[in-house]
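> Quick one, structure for this:
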Amino acid sequence: MKIDWAFLKLVGFCVLGVVVLVVLPLSLYSSKEIVRSVVASGVASLVHLLLGYACIEAGFDRSNTTFLKIILGGTFVRMALLVAVVFTLIRVYEFNAVSLLVSFLLFFVLNLVLEIHLLQKKVSLKR
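Numbers count the residues shown, from 1 in each chain. Below you'll find the model as predicted:
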């Protein structure tokens, strides 16, 4: 499997940007519980994004059918893991549900943008 270092660098810059623009101000102006929820959702979302990246890399050079099976199957598995993580964080570790879910939603949108960017880049390079 090839590693797209440019994409991983972009992900690193996005993580750094979120830390500087979101986490640091939150740590100054909100409760520790909210910061903890945002950081936990950020870490879980980063793992979700990296698993999606691995699925894209694993399936991209294969047939269209195999690619779709890997992407759709990977999406199902990643979503199931994300639901389990959210459930565990809220029920077992008693994280703030509202801040956790809102930050998950925002991180999820960022992840989708990054994954679409990766797919567009890979498709344009393949042509």
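
> For Ala93, give me the backbone phi and psi.
That one is not Ala; residue 93 is Tyr. phi -100, psi 0 (degrees, to the nearest 10).

> Do you know the pLDDT at it?
We have a pLDDT of 96 for Tyr93.

> The one 4 residues further on too?
Per-residue confidence for Ala97 comes out at a pLDDT of 96.

> show me what contacts it?
Ile90 (Cβ atoms under 8 Å, 6 or more residues apart in numbering). Using the backbone N, CA and C atoms, a C-beta is placed for each residue, glycine as well.

> how close does it get to Val85?
Distance, Ala97 to Val85, using Cβ to Cβ, to the nearest Å: 13 Å.

> repeat for Val113
In terms of Cβ to Cβ, Val113 sits 21 Å off from Val85.

> So which of these two has more stuff around it?
Per other Cβ atoms under 10 Å, whichever of Val113 and Val85 has more neighbours is Val85, with 19 against 11.

> Skipping adjacent residues, who's closest to that one in space?
Distances taken as Cβ to Cβ, 6 or more residues apart in numbering put Ala44 closest to Val85, at 4.9 Å, once the chain neighbours are dropped.
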